[in-house]
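> sequence first, predicted coordinates after that:
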Amino acid sequence: MTGTPTTNHRFAATAAGRADTRLVVIRGNSASGKSSVAQGLREHYGRGIAIVGQDVIRRNVLREHDTARGANIALLGRIAREALDAGFHVVLEGILYADRYSHMITSLVRDHRGVSNCYYLDVPLEKTLARHASKADAAYLEQVTDSHLASWYRALDLLPGGLETVIPADSTLHDTVARILHETDLGSASPFPSAQCESSQGDLMNPLVLMSDPQVAAIPVRECGEPLVDVRDHGFRVDPRRHDPLGAFTHVREGVLARMKDARSLLPAGTDLLFIEGYRPLALQQRYFTAYRNELAAAHPDWATERLHQAASRYVSPPEIAPHSAGAAVDVTLVDQDGHELDLGTRVNATPEESDGACFTHAPNLSDHARHHRTLLLNAMQSAGFTNYATEFWHFSVADRYDALMRQEPHARYGPIELP
């Protein structure tokens, strides 16, 4: 009679989670994209995923060095178990050196009642250094040098027992997230969150729905007939980087201009909008899209046409539904009172490849300074009625097909238009 209670007590003390919870472990060297992948999983799935980050616990909470006896090791495991027991799916991410963290990870995988998947992001040192150099945070680059990265780097530092799936460096952020969603069944559990979900900061953030999604093209357009107007006639700071001979880039619909004025009024003193691009003729939009798709095709000759089209739409909208060609979209950033651009984490128009995913609005690999500035921009634009495209922190639109889908409107008011 005494054997059964003892056995049950021991099982209850070690088992974690439920049959329907998912545990995803993402490991890799610094700058391999672990945090971006974790955030991508959350942005797709929505609420219900707990991200347990090694750096957050070790560096921010405990402020301890990474050693074999570090207190963060047990704490990471305990937090993951508690989250799984509460019904959350868990993404455990970090460098998590195998010789220091393997016992904690393998025990967690063994004890988890649900499905567990482990991934290792295999990025060569040369590419790691290149990604690091592309970060826009000058203070971080000064603090963390190439010498640091080289000393931390371990080639293919895999867990014992063949637990991990190795993801090569040529897998894009989008493809890696999509693969993990598919293999863990998280994608089918919640293919798209609600059109707008509340973030932990209380702002509104859009889910990761690409412009190429058939849902966008399916939205009908009931053209309202608003004309294009020139923002230069209304006192906005305009950057010339997208200048064209006709000056088309400074035009937007009348309603878009009104909302921009509203957004500008919501910014704190000493901060202003910098207008970069608005209207884009269809022929120019086609040229941009084709050029980026061809660039991806050259880098990935094995990709099918559909995959290239979808990957290209992360950065350039397909011409047939482009918000810019409807005069409904603006690319903007922030400047100080002297007109100097503020640090928002990466340059405007940086590709996902160039920025290691930092172009995504809610990218985790940002400095506190850059995240603060992004929050200022996002809050002002969304409060004025704009919808952000989640792969580009600088892109906002209103009353186009994408905005209508996000707001669950029956139709868009702005369709393709020609400059008079």
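Arrived safely.

> pretty sure residue 272 sits against residue 237.
Yes: the pair residue 272 and residue 237 passes the contact test of Cβ atoms under 8 Å, sitting 6.0 Å apart. C-beta here means a position set from N, CA and C on the backbone, and glycine is covered the same way.

> mutual contacts of the two, please.
Here residue 272 and residue 237 share the contacting residues 335, 339, scored by Cβ atoms under 8 Å, 6 or more residues apart in numbering.

> so the protein: which segments form each domain?
Split into domains by automatic domain parsing, the chain comes to 20-191, 198-406.

> reformat these as JSON lines; add mean pLDDT and mean neighbour count.
Converted to JSON lines, the domains of the chain look like this (pLDDT from 0 to 100; neighbours: other Cβ atoms under 10 Å):
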{"stretch": "domain 20-191", "mean pLDDT": "86", "mean neighbour count": "18"}
{"stretch": "domain 198-406", "mean pLDDT": "87", "mean neighbour count": "19"}
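
> would you tell me which of those gets closest to residue 416?
Smallest distance to residue 416 across these (Cβ to Cβ): 5.1 Å, for domain 198-406.

> so residue 118 is in which element?
strand 115-122 (DSSP states H and E).

> what lines up beside that strand in the sheet?
strand 22-28 (parallel), strand 164-168 (parallel) (DSSP bridges).

> can you map out the helices along the stretch 151-300 of the chain?
Secondary structure of the stretch 151-300 of the chain by DSSP state H, counting those that start in this stretch: the helices cover 173-184, 186-189, 214-217, 254-265, 282-299.

> how far away from the center of its chain is the third one?
When C-alpha coordinates are averaged (Cα atoms, centre = their mean, to the nearest Å), helix 214-217 and its chain have centres 21 Å apart.

> now do it: everything it contacts.
With contact meaning Cβ under 8 Å, 6+ apart, helix 214-217 is reached by 209, 320, 321, 401, 402, 405.

> got a list of what the spatially most central residue of the chain touches?
Per Cα atoms, centre = their mean, the C-alpha nearest to the average position across the chain is that of residue 360, at 3.8 Å. Contact analysis of residue 360 by Cβ under 8 Å, 6+ apart lists 36, 39, 40, 43, 173, 352, 390, 391, 392, 393.

> include secondary structure and distance to residue 231 when you put these into a markdown table, please.
A markdown table is the format used below for the contacts of residue 360 (DSSP: H, G, I helix; E, B strand; the rest coil; distance: Cβ to Cβ, whole Å):
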| residue | secondary structure | distance to residue 231 |
| --- | --- | --- |
| 36 | helix | 33 |
| 39 | helix | 33 |
| 40 | helix | 33 |
| 43 | helix | 31 |
| 173 | helix | 33 |
| 352 | helix | 28 |
| 390 | coil | 24 |
| 391 | coil | 24 |
| 392 | coil | 19 |
| 393 | coil | 20 |
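
> TSV for those, including distance to residue 305?
What follows is the contacts of residue 360, written out as TSV (distance: Cβ to Cβ, whole Å):
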residue	distance to residue 305
36	26
39	29
40	24
43	26
173	21
352	20
390	24
391	20
392	23
393	29
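
> of those, closest to residue 262?
Of the contacts of residue 360, the one sitting nearest to residue 262 (Cβ to Cβ) turns out to be residue 393, at 19.4 Å.

> which element is the residue lying closest to that closest one once chain neighbours are set aside on?
Sequence neighbours aside, residue 361 is the residue nearest to residue 393 in space, at 4.4 Å (criterion: Cβ to Cβ, 6 or more residues apart in numbering). Residue 361 belongs to no helix or strand when assigned by DSSP H and E.

> quick one: end-to-end length of stretch 318-326, please.
12 Å (Cα to Cα, to the nearest Å).

> mind listing what the residue nearest to residue 393 touches?
Residue 361 sits next to 205, 206, 374, 378, 388, 389, 390, 391, 392, 393 when contact means Cβ under 8 Å, 6+ apart.

> please tell me how far it sits from residue 387.
11 Å (Cβ to Cβ, to the nearest Å).

> in TSV: the strands paired with strand 115-122, plus distance to residue 177.
Below are those laid out as TSV (distance: least, Cβ to Cβ, whole Å):
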stretch	distance to residue 177
strand 22-28	11
strand 164-168	11
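
> of all those strands, which one is nearest residue 255?
Closest among the strands paired with strand 115-122, once you apply Cβ to Cβ, is strand 22-28, at 42.5 Å.

> and residue 332, what does it touch?
260, 273, 274, 275, 276, 377, 381, 394, 396.

> let's see it at 10 Å
Listed by Cβ atoms under 10 Å, 6 or more residues apart in numbering, the contact set of residue 332 reads 236-237, 239, 260, 263-264, 273-278, 348, 377, 380-381, 386, 393-396.

> then residue 99?
Applying Cβ under 10 Å, 6+ apart, we find residue 99 in contact with 68, 154, 157, 160.

> and it, which of the three is it?
Put simply, residue 99 is helix when judged by DSSP: H, G, I helix; E, B strand; the rest coil.

> distance check, it against residue 119.
For residue 99, the distance to residue 119 - Cβ to Cβ - is 19 Å.

> again, but for residue 24
7 Å.

> please apply the same query to residue 36.
13 Å.

> residue 226 is in contact with residue 413, isn't it?
Yes: using Cβ atoms under 10 Å, residue 226 is in contact with residue 413, at 7.8 Å.

> name the residues contacting each of these two.
Shared contacts of residue 226 and residue 413, counting by Cβ under 10 Å, 6+ apart, come down to 253, 255, 328, 399.

> can you list which of those are found in strands?
Per DSSP state E, strands hold the following members of the shared contacts of residue 226 and residue 413: residue 253.

> most widely separated two among the shared contacts of residue 226 and residue 413?
255 and 328 (8.6 Å).

> roughly how far does the closest residue to residue 101 other than its chain neighbours sit from residue 82?
Once flanking residues are discounted, residue 101 sits nearest to residue 73: 5.9 Å by Cβ to Cβ, 6+ apart. Computed with Cβ to Cβ, the distance linking residue 73 and residue 82 is 15 Å.
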